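In: Okay, structure incoming, though there's no sequence with it:
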């Protein structure tokens, strides 16, 4: 793995913000926070100031007018969602909003991931039209479903599309499309999750004083982090306030889900003047506790279970569904690991970082559709290559794709569009469905594209490092400032630091299988002629014990970590990677 330290900020930048230490200033610079306004928004989010007017979204006025008319006329309205955490939260947000507005028995439809796939499908539209539905509102989907919207129109069903996926040149003939990537859209922040688009529609529909707007924030925050949206700008404000709402959530299902995952939410400092409440929850709670469990419903069973959990009004129902999602998640983890091992066994015979094809394309009849994206992500991370993982089911191929930063997956897919029945996604995450007869043509075209566009040196795994630090910079003051960078996520990763020539005072392995490395480290400052010892833990780095001994010097990449025990707080080092110091 290649270590890459970010470029040092210019001296003028440090002078511009003397109130911050040089370490904190460098972290701000790395996140492209270079003005006082940007830094103030980052450190002091204000819901009233930072959240943009929903009517800046193109199509919002038409959408609200049509929905209000449907409610007044007691028309049958269905929210049409998606099966991932973003889609389920989106569906819940709009369903709860319609109920609050007095809509007559609003319905929801979330397609089966395996049988129907993403977005509108003709079969479900026909069934909904037959049941008397007059208005379908999509969430987190349908920006490219031209034929499906045409069918709905022909059956007397109006469609409003709310989505955040990239658009094609031709758009569906919907009553309204709310998508910040539309031509002519004036919304100033484009990186919104599907659930935040749904939340914006909810805010436009609800009265200014409606308390529901507050209680929906936890769902918007979960979706934003789970769908890997940038945790900067407006999203950062939404997530920070959403975490405050989650700690005191109104939704029984979320409370039970956290309880099942052994999370005990607490409000440490309540909001008194509209500022963000301080809680014990963070982005990890959303990304690795709640998000995966909501996703597991659609991956292992049906996403309806996650939706019904989120809107549960009965404690017993919430408890049963939370336990079910927890079990689904455990099963998902086990099966994902099994498939990844199977693929690694295939690839390790032919791949290395500088040898082998520049794109991975693997499939099986036995791999569930719901796990393809997870598997593709793990394989892409390991081999640093664009990865396509597919399921072969009869004459149909269903694939998920995960990429690397320097390669545009969706552009590659669009160039072979004639082979696909359906496709969509983003630059680094996409998917497609096609007939099996086109498999080899697509595989050859993708491999050729990758071979031409990706340089061999770009296939090396890069460990990004914020800054090299000295002994006196590892202190509580900097730690407390770094905590203000929460919530972490895309474009605002947890800061990583480099320090060199650290002496090992002691080392041992810990954990049930001796997987983890625990060390006492001694750091020296040559200028001040001082030394300081730190405790360090390296998760899954236990193998290093065979190569290291007391007294060795090592260079290491680390994150700050606090160990709390018996009321004592100790500043520690969490080792991300290490190397022996070169003589």
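Out: Yep, it's here. Given the structure is predicted, the values throughout are model-derived calculations rather than measurements. Numbers count the residues shown, from 1 in each chain.
In: Secondary structure class of the nearest residue to residue 285 once chain neighbours are set aside, three-state.
Out: Once flanking residues are discounted, residue 285 sits nearest to residue 263: 6.3 Å by Cβ to Cβ, 6 or more residues apart in numbering. Glycine gets a C-beta too; all of them are placed from N, C-alpha and C. Secondary structure, DSSP: H, G, I helix; E, B strand; the rest coil: residue 263 is coil.
In: what's around residue 263, how many residues?
Out: 17 (other Cβ atoms under 10 Å).
In: before we move on, what about residue 204?
Out: Close neighbours of residue 204, defined as other Cβ under 10 Å, add up to 18.
In: what's the nearest residue to it if we skip its chain neighbours?
Out: residue 54 (4.3 Å).
In: what separates that neighbour from residue 206, distance-wise?
Out: For residue 54, the distance to residue 206 (Cβ to Cβ, to the nearest Å) stands at 10 Å.
In: Tell me which of the two has more neighbours.
Out: Shown here are residue 54 and residue 206; by other Cβ under 10 Å, residue 54 has more neighbours (20 against 16).
In: Let me see the contact set for the more buried one.
Out: Contact analysis of residue 54 by Cβ atoms under 8 Å, 6 or more residues apart in numbering lists 60, 200, 201, 203, 204.
In: try 10 Å this time
Out: 60-61, 63-64, 178, 187, 197, 199-205 (Cβ atoms under 10 Å, 6 or more residues apart in numbering).
In: Pull up the distance across stretch 478-491, start to finish.
Out: End-to-end span of stretch 478-491 (Cα to Cα, to the nearest Å): 20 Å.
In: circling back: gap between the residue nearest to residue 285 and residue 289?
Out: Remark: distance between residue 263 and residue 289 (Cβ to Cβ) = 6 Å.
In: who touches both of these two?
Out: 257, 281.
In: ok, the residue nearest to residue 285 touching residue 290?
Out: Yes. Using Cβ atoms under 10 Å, residue 263 is in contact with residue 290, at 8.4 Å.
In: Could you tell me which residues touch both of those two?
Out: 246, 257, 281.
In: Relative to residue 378, which of these is nearest.
Out: Nearest to residue 378 out of those is residue 257 (Cβ to Cβ; 24.2 Å).
In: Contacts only, for the spatially closest residue to the closest one that is not a sequence neighbour.
Out: Once flanking residues are discounted, residue 257 sits nearest to residue 322: 4.6 Å by Cβ to Cβ, 6+ apart. Contact analysis of residue 322 by Cβ under 10 Å, 6+ apart lists 252-261, 293, 309, 312.
In: Drop anything exposed from these.
Out: 252, 253, 254, 255, 256, 257, 258, 260, 261, 293, 309, 312 (16 or more other Cβ atoms under 10 Å).
In: nearest residue to the fifth one other than its sequence neighbours?
Out: What that stands for is residue 256. Per Cβ to Cβ, 6+ apart, closest to residue 256 is residue 322, 3.8 Å.
In: Which pLDDT value belongs to that neighbour?
Out: Per-residue confidence (pLDDT) for residue 322: 98.
In: and the helix or strand where residue 147 lies, what does it pack onto?
Out: Here residue 147 sits within helix 146-154, counting by DSSP states H and E. Applying 3 or more Cβ pairs under 10 Å, 6 or more residues apart in numbering; DSSP states H and E, we find helix 146-154 packed against helix 122-130, strand 133-139, strand 158-162.
In: number of nearby residues for the closest residue to residue 574 other than its chain neighbours?
Out: Spatially, and ignoring its direct neighbours in sequence, residue 574 is nearest to residue 561 (4.0 Å; Cβ to Cβ, 6+ apart). Close neighbours of residue 561, defined as other Cβ under 10 Å, add up to 15.
In: repeat for the one 3 residues further on
Out: Applying other Cβ under 10 Å, we find 8 other residues in the vicinity of residue 564.
In: ok, now the one 10 residues further on?
Out: In terms of burial, residue 574 registers 17 neighbours under the definition other Cβ under 10 Å.
In: now residue 2
Out: Residues lying near residue 2 (other Cβ under 10 Å) number 10.
In: Quick check: it touching residue 462?
Out: Yes. Residue 2 is within contact range of residue 462, at 5.4 Å (criterion: Cβ under 10 Å).
In: what are the ranges of the helices in the stretch 351-500 of the chain?
Out: 372-383, 409-415, 439-453, 476-483 (DSSP state H, counting those that start in this stretch).
In: Of the ones you listed, which stretch is the most buried?
Out: The highest average neighbour count among the helices of the stretch 351-500 of the chain, using mean count of other Cβ atoms under 10 Å, belongs to helix 372-383 at a mean of 21.
In: still on that earlier bit, who touches the residue nearest to residue 285 in this structure?
Out: Listed by Cβ under 10 Å, 6+ apart, the contact set of residue 263 reads 246, 247, 255, 257, 280, 281, 285, 289, 290.
In: mind redoing it with 8 Å?
Out: Applying Cβ under 8 Å, 6+ apart, the residues near residue 263 are 281, 285, 289.
In: doesn't residue 135 make contact with residue 75?
Out: Yes. Assessed by Cβ atoms under 8 Å, residue 75 is found in contact with residue 135 at 5.8 Å.
In: between these two, who's got more neighbours?
Out: residue 135 (23 against 17).
In: Please spell out which residues along the longest helix seen in the chain are buried.
Out: Counting residues, the longest helix found in the chain (DSSP state H) is helix 315-347. By neighbour count with 16+ other Cβ under 10 Å, helix 315-347 contains the buried residues 317-322, 324-326, 328-329, 332, 335-336, 339-340, 343, 347.
In: what separates it from the chain centre, distance-wise?
Out: Chain-centre distance of helix 315-347: 18 Å, with Cα atoms, centre = their mean, to the nearest Å.
In: Let me know the distance separating the spatially closest residue to residue 269 that is not a sequence neighbour from residue 271.
Out: Excluding its sequence neighbours, the residue lying closest to residue 269 (Cβ to Cβ, 6+ apart) is residue 278, at 3.8 Å. Look at residue 278 and residue 271: by Cβ to Cβ, they are 9 Å apart.
In: how many neighbours does residue 4 have?
Out: Neighbour tally, residue 4, other Cβ under 10 Å: 12.
In: what's the answer for residue 262, then?
Out: Residue 262 - counted by other Cβ under 10 Å - has 7 other residues nearby.
In: tell me the pLDDT at it?
Out: Per the predicted model, pLDDT is 96 at residue 262.
In: ok, so what distance separates it from residue 326?
Out: To residue 326, residue 262 is 10 Å away according to Cβ to Cβ.
In: re earlier: just the buried members of the contacts of residue 54?
Out: 60, 63-64, 178, 187, 197, 199-205.
In: Now tabulate these in TSV and tack on pLDDT, secondary structure and distance to residue 358.
Out: Converted to TSV, those look like this (pLDDT from 0 to 100; DSSP: H, G, I helix; E, B strand; the rest coil; distance: Cβ to Cβ, whole Å):
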residue	pLDDT	secondary structure	distance to residue 358
60	98	helix	43
63	98	helix	43
64	98	helix	48
178	98	strand	38
187	97	coil	37
197	98	helix	35
199	98	helix	40
200	98	helix	40
201	98	helix	42
202	98	helix	44
203	98	helix	45
204	98	helix	46
205	98	helix	48
